[in-house]
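# got a predicted model here, sequence first, then my questions.
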Amino acid sequence: MTKPELDKRDWIAGLEKGLAILEAFDDQHARMTPTQAAMRTGLTRTAARRYLLTLAHLGYVQTDGKLFNLTPRVLRMGWSYFESARLPRIVQPYLQQLSALIHESVYVSVLDDWDLVIIARNGSTRVMTTGFVLGARVPAALMSGGIAMLAYMNEASVRGWLEATEFKPFTPLTITNKDRLYDKIRQARVDGYVAIEQQLQMGVRGVAVPMKNRHGEVVAALSANMPIGKETGEAALARVLQPLQETALSMLNVI
């Protein structure tokens, strides 16, 4: 969550603005005019238009002359992470073994600001609707892995984020009360794990543990998602928690 200091002489403002234009596109803004892009990035309309036209020339966006939208070329940047990062490659064999053992979909995820991002996964053999694709990004407070990581962050930073954020419900059971969320995060640190139900999807339960490196630093979260079905929360926890903890511990000296 902390970013290295950068000398102002090394700062390239144009790169920052170009990336801001790309990040301005989302499910609510899949196609934008330069004016809309300017409003979302704080740029002038003229500057936004120039950046959009440059990105179109490079193949990252396309336009019909009025509206701009992203192209699949943007995926190159995201997949470059999976092809070059060490952590996703290291954990994959462990995830395969864990998924085969507990028969559930399992994930390794990291925080990007206050979002949780899935960087490795392995699916169970049974048909399920609880899966997330690689690169999926969700608000950290909605996922067991997110809470497991937030539990080890600076408490003042977490409190400040909670106070500054408006949480919308994704299900009738989504916790949006900030005091309850903070209590859940704090309890996760006490317990060393977290179990939540139906926060992002109805009928889905998640259990997660922190993943630490050899220096004791929490670098990721290891989690399992499962359909609730007829299994009680206590039974599910008894079934998957120890394998999760043992897998996280076995990766201690390799991450």
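Received the coordinates, thanks. Numbers count the residues shown, from 1 in each chain.

# so Arg31 touches Leu70, yeah?
No. Counting by C-beta atoms under 8 Å, Arg31 does not reach Leu70; the two are 9.2 Å apart. All C-beta atoms are positioned from the backbone trio N, CA, C, and that covers glycine.

# low pLDDT regions in the stretch 51-200 of the chain?
Along the stretch 51-200 of the chain, segments meeting pLDDT under 70 span 124-131.

# what segments of it are helices?
75-84, 86-102, 144-150, 155-164, 178-191 (DSSP state H, counting those that start in this stretch).

# got the angle between the last one and helix 155-164?
Think helix 178-191. On the basis of axes from the mean of the first three to the mean of the last three C-alpha atoms, to 10 degrees, helix 178-191 is oriented at 150 degrees to helix 155-164.

# then helix 178-191 to PDB, C-alphas only?
The C-alpha coordinates for helix 178-191 follow below in PDB (Å, rounded to 0.1, in the frame of the first residue of the first chain):
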ATOM      1  CA  LYS A 178     -18.500   0.800   9.100                       C
ATOM      2  CA  ASP A 179     -18.200  -0.100  12.700                       C
ATOM      3  CA  ARG A 180     -19.200  -3.700  11.900                       C
ATOM      4  CA  LEU A 181     -16.700  -3.800   9.100                       C
ATOM      5  CA  TYR A 182     -14.000  -2.600  11.300                       C
ATOM      6  CA  ASP A 183     -14.900  -5.200  14.000                       C
ATOM      7  CA  LYS A 184     -14.800  -7.900  11.300                       C
ATOM      8  CA  ILE A 185     -11.300  -6.700  10.200                       C
ATOM      9  CA  ARG A 186     -10.000  -6.500  13.700                       C
ATOM     10  CA  GLN A 187     -11.300  -9.900  14.700                       C
ATOM     11  CA  ALA A 188      -9.600 -11.400  11.600                       C
ATOM     12  CA  ARG A 189      -6.300 -10.400  13.000                       C
ATOM     13  CA  VAL A 190      -7.100 -11.900  16.400                       C
ATOM     14  CA  ASP A 191      -8.300 -15.200  14.900                       C
END
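
# in it, what counts as buried?
Neighbour counts over helix 178-191 (16 or more other C-beta atoms under 10 Å) mark Lys178, Leu181, Tyr182, Lys184, Ile185, Ala188, Arg189 as buried.

# in TSV: those residues, plus distance to Thr232.
Below are the buried residues of helix 178-191 laid out as TSV (distance: C-beta to C-beta, whole Å):
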residue	distance to Thr232
Lys178	28
Leu181	24
Tyr182	26
Lys184	19
Ile185	24
Ala188	20
Arg189	25
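
# which among these gets closest to Leu150?
Ile185 (4.9 Å; C-beta to C-beta).

# for the closest one, give its distance to Asn69.
Per C-beta to C-beta, to the nearest Å, Ile185 is found 37 Å from Asn69.

# swap in Ala37?
Distance from Ala37 to Asn69, by C-beta to C-beta: 11 Å.

# those two: who's more crowded?
Legend: neighbour count by other C-beta atoms under 10 Å for Ala37 and Asn69, higher for Ala37 (24 against 13).

# ok, that one touching Arg50?
No. Ala37 is beyond contact range of Arg50, at 10.8 Å (criterion: C-beta under 8 Å).

# can you give me the end-to-end distance of stretch 169-177?
10 Å (C-alpha to C-alpha, to the nearest Å).

# what are the contacting residues of it?
Ala141, Leu142, Phe167, Lys168, Leu181, Lys184, Glu197, Gln198, Gln199, Leu200, Gln201, Met202 (C-beta atoms under 8 Å, 6 or more residues apart in numbering).

# nearest to Arg9, of these?
Ala141 (38.2 Å).

# how is this structure partitioned into domains?
The chain breaks down by automatic domain parsing into domains covering 8-74, 85-250.

# out of these, deepest packed?
Of the domains of the chain, the one with the most neighbours on average (mean count of other C-beta atoms under 10 Å) is domain 85-250, at a mean of 18.
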